[in-house]
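What follows is a predicted structure for the sequence shown.
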Amino acid sequence: MYQFNDQFSKAAGQFADAVANVNRLALENAEKVFGLQLAAVEESVNATFAFAGELLEVRDADSLKTVWPKGIQVARANAERSFGAAQEAFAGTVKTNEAIGALAKSQFEQASSQVKAEVEKATKAASKAAK
């Protein structure tokens, strides 16, 4: 009975370590994604407020014609910035998921090798007892 408890304790400890590593990876990725999105929003807000300041100084149609292309450029830059941050966040998430998958695979391989070793050990013990 003691051997079973010891094996169970080892397996539970390994599982807890694996879960802690998965959580660490997931939280690091969430932190990176949040940082990327926050930086993109900050840059977009700064550019938009700078344009709004120029727009408030417009007094006639001619000055509006000169400011209008700047507004389109700001909107385009904001969209590109947002899309770039989303792409970078997606790439980071894919890498994190790959790392989590590799961690899970190694845990399964380790568990199966331990089970295989225990089965071989029990088989040898049973064959010795049968003789």
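Thanks, I have it.

any low-confidence regions in this protein?
1-4, 131 (pLDDT under 70).

what residue lies at the spatial centre of it?
N29 (3.2 Å; C-alpha atoms, centre = their mean).

what sits against that residue?
By C-beta atoms under 8 Å, 6 or more residues apart in numbering, the contact set of N29 is G92, T93, T96. Yep, even glycine has a C-beta here, placed from its N, CA and C like the rest.

Which residue lies closest in space to it, excluding its sequence neighbours?
T96 (4.0 Å; C-beta to C-beta, 6 or more residues apart in numbering).

before we move on, what about A85?
A85 sits nearest to A40 (C-beta to C-beta, 6+ apart), 3.8 Å away.

ok, now Q7?
E118 is the one closest to Q7 (C-beta to C-beta, 6+ apart), at 7.4 Å.

V58 too?
In space, V58 is closest to L64, 5.0 Å off (C-beta to C-beta, 6+ apart).

which other helices and strands contact whichever strand or helix holds that neighbour?
In this structure, L64 sits in helix 61-130 according to DSSP states H and E. On a contact count with 3 or more C-beta pairs under 8 Å, 6 or more residues apart in numbering; DSSP states H and E, helix 61-130 meets helix 2-56.

returning to what we had before: can you count the residues close to the residue nearest to N29?
Neighbours of T96 under the rule other C-beta atoms under 10 Å: 19.

correct me, but it touches L27?
No. Using C-beta atoms under 8 Å as the test, T96 is too far from L27 to be in contact (9.9 Å).

circling back to that earlier point, now for the residue nearest to V58, how many residues are close by?
Using other C-beta under 10 Å, L64 has 12 neighbouring residues.

same check, this time on A130
6.

and if you look at V74?
V74 - counted by other C-beta under 10 Å - has 19 other residues nearby.

If we ignore the residues flanking it in sequence, what's nearest it?
Nearest one to V74, counting by C-beta to C-beta, 6+ apart, is F51 at 4.6 Å.

what residues are up against the one you found?
Counting by C-beta under 8 Å, 6+ apart, F51 has contacts V67, K70, G71, V74.
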